[in-house]
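Trainee: Please work out how this folds:
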Amino acid sequence: MHDHRAILHVDMDAFYASVEQRDNPELAGKPVIVGGTGGRGVVAAASYEVRRFGVHSAMPMREALKRCPHAVCVRPRMQRYREVSRQVFEVFGEFTDLVEGLSLDEAFLDVTASRQLLGTPEAMAGEIKRRIRQRTGLTASVGVSHNKLLAKLASEMDKPDGLTVIPPDRVESVLDPLSVRRLHGIGRKTAARLEEQGIFTLGQLRLAPESVLWPLFRHDTRRIRDRAAGMDDRPVVADAAEKQISSEETFEEDIRDHERLYRELAGLAERTASRLRTKELIAGQVNIKVRRRDFTTFTRQRSFSPATQETGLITRVATELLRAWFEEQPRVAVRLLGVGVAQLRPARQLDLFATGEGAPQGRLDEAVDRIREKFGERSLKRGSTLD
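Mentor: Below you'll find the predicted structure:
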């Protein structure tokens, strides 16, 4: 594999639930659900014992408890998960600087340049698993391959506590039999439409004629077919050099209704602002990304001072940018919307300026973040994002 990149995808096994089971030995071996317990609660994590009943994360709590009435429900302790996550990411840093964190419990590592010093990618994967277990008592599943797509598929193949390698000469034999639903970027509706065309596996997708795929994917056809063949040249982007934080949404159906787009925009701005606060950063620029039905993509940005991490301000600037864009394109159908922030720096000095109008807003944002941490992303919505 020496002329190829060496990419690892590390995914902690049932992370929040495993932390709870480790911290409280009475929960070991029991079906544990981490999540908000109110009527509107959502499953944040499910232990392997409870997954057998078909419970999975993002499922409504009610539904989960119907499937497994004897499950033990535990409230999330995000602070604790962040501490353990830091230990895990410290291990990653011992193997490479190129670590792209996707969440507290999942990351891509590019270990291409570490081979001379630290051995084969597979050996590094084994050692990473060993150190994580030694320092945190938890297991991780690692996928090893020459690109992100394959490394991520590999890490999903043998959970929990797996280590799977997909070498270049086995890509087709491993991918071809997999369901099209396994490919990131193919949602439920698209998968159903592929299956109606008789395309059930990645092998069938890779070999499907253009005439069948074009109506489904349009300009994305080539990329989707490449992905089905295991081709992916995306780089691993190190977090340390995080230049921008963004959230975007591709809509199942193109949207023309301006009011609805403003609501979607407010939700995306809120997600971005919340991630900004989690990373303890402030931003001096807001940008929006709009993709039309014909796949033409537009971006607009505005810088301001002082820098902020406030949801209200980020939403306001994003909304003004979108409003100005609509003046150029009043009748447009939008298929993707995104809100990003750039010109990032640490928020440590914030207290000096947190006087006057900023302070109550910051406290509100903080309260919203805390409620969501406890009860799940969807537990609280701002008025601006509602119909």
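
Trainee: Which stretches in the stretch 1-150 of the chain count as strands?
Mentor: 7-12, 32-35, 43-46, 72-74, 99-103, 106-110, 140-145 (DSSP state E, counting those that start in this stretch).

Trainee: Redo these as JSON lines? Include distance to Val171 and mean pLDDT.
Mentor: To be clear about C-beta, it is placed using only N, CA and C from the backbone, and glycine gets the same treatment. What follows is those, written out as JSON lines (distance: least, Cβ to Cβ, whole Å; pLDDT from 0 to 100):
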{"stretch": "strand 7-12", "distance to Val171": "13", "mean pLDDT": "98"}
{"stretch": "strand 32-35", "distance to Val171": "36", "mean pLDDT": "94"}
{"stretch": "strand 43-46", "distance to Val171": "31", "mean pLDDT": "92"}
{"stretch": "strand 72-74", "distance to Val171": "40", "mean pLDDT": "93"}
{"stretch": "strand 99-103", "distance to Val171": "22", "mean pLDDT": "89"}
{"stretch": "strand 106-110", "distance to Val171": "18", "mean pLDDT": "96"}
{"stretch": "strand 140-145", "distance to Val171": "8", "mean pLDDT": "98"}
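
Trainee: what would these look like in TSV with mean neighbour count?
Mentor: Shown next, in TSV, are these (neighbours: other Cβ atoms under 10 Å):
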stretch	mean neighbour count
strand 7-12	26
strand 32-35	26
strand 43-46	25
strand 72-74	19
strand 99-103	17
strand 106-110	23
strand 140-145	27
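
Trainee: can I get those in TSV with distance to Arg335?
Mentor: Output for those, formatted as TSV (distance: least, Cβ to Cβ, whole Å):
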stretch	distance to Arg335
strand 7-12	28
strand 32-35	32
strand 43-46	30
strand 72-74	38
strand 99-103	24
strand 106-110	27
strand 140-145	31
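
Trainee: Of the ones you listed, give the one that comes closest to Asp226.
Mentor: Among the strands of the stretch 1-150 of the chain, strand 140-145 comes nearest to Asp226, with 15.0 Å by Cβ to Cβ.

Trainee: could you give the angle of the closest one to strand 7-12?
Mentor: 160 degrees (axes from the mean of the first three to the mean of the last three Cα atoms, to 10 degrees).

Trainee: Partner strands of strand 140-145 and their direction?
Mentor: strand 7-12 (antiparallel), strand 163-165 (parallel) (DSSP bridges).

Trainee: of all the ones you listed, which lies closest to Leu183?
Mentor: Of the strands paired with strand 140-145, nearest to Leu183 by Cβ to Cβ is strand 7-12, at 14.8 Å.

Trainee: contact partners of the closest one?
Mentor: 18, 88, 92, 105-112, 121, 124-125, 128, 132, 138-148, 150-152, 154-156, 159, 236 (Cβ atoms under 8 Å, 6 or more residues apart in numbering).

Trainee: Ok, stretch 310-323 next?
Mentor: 261-262, 265-266, 268-270, 272-274, 276, 283, 286-288, 290, 300-302, 304, 308, 339, 341, 358, 361-362, 365, 368, 382, 384.

Trainee: same thing but at 6 Å, please
Mentor: If you take Cβ atoms under 6 Å, 6 or more residues apart in numbering as the criterion, stretch 310-323 is touched by 265-266, 269-270, 273, 286, 288, 300, 302, 339, 361, 365.
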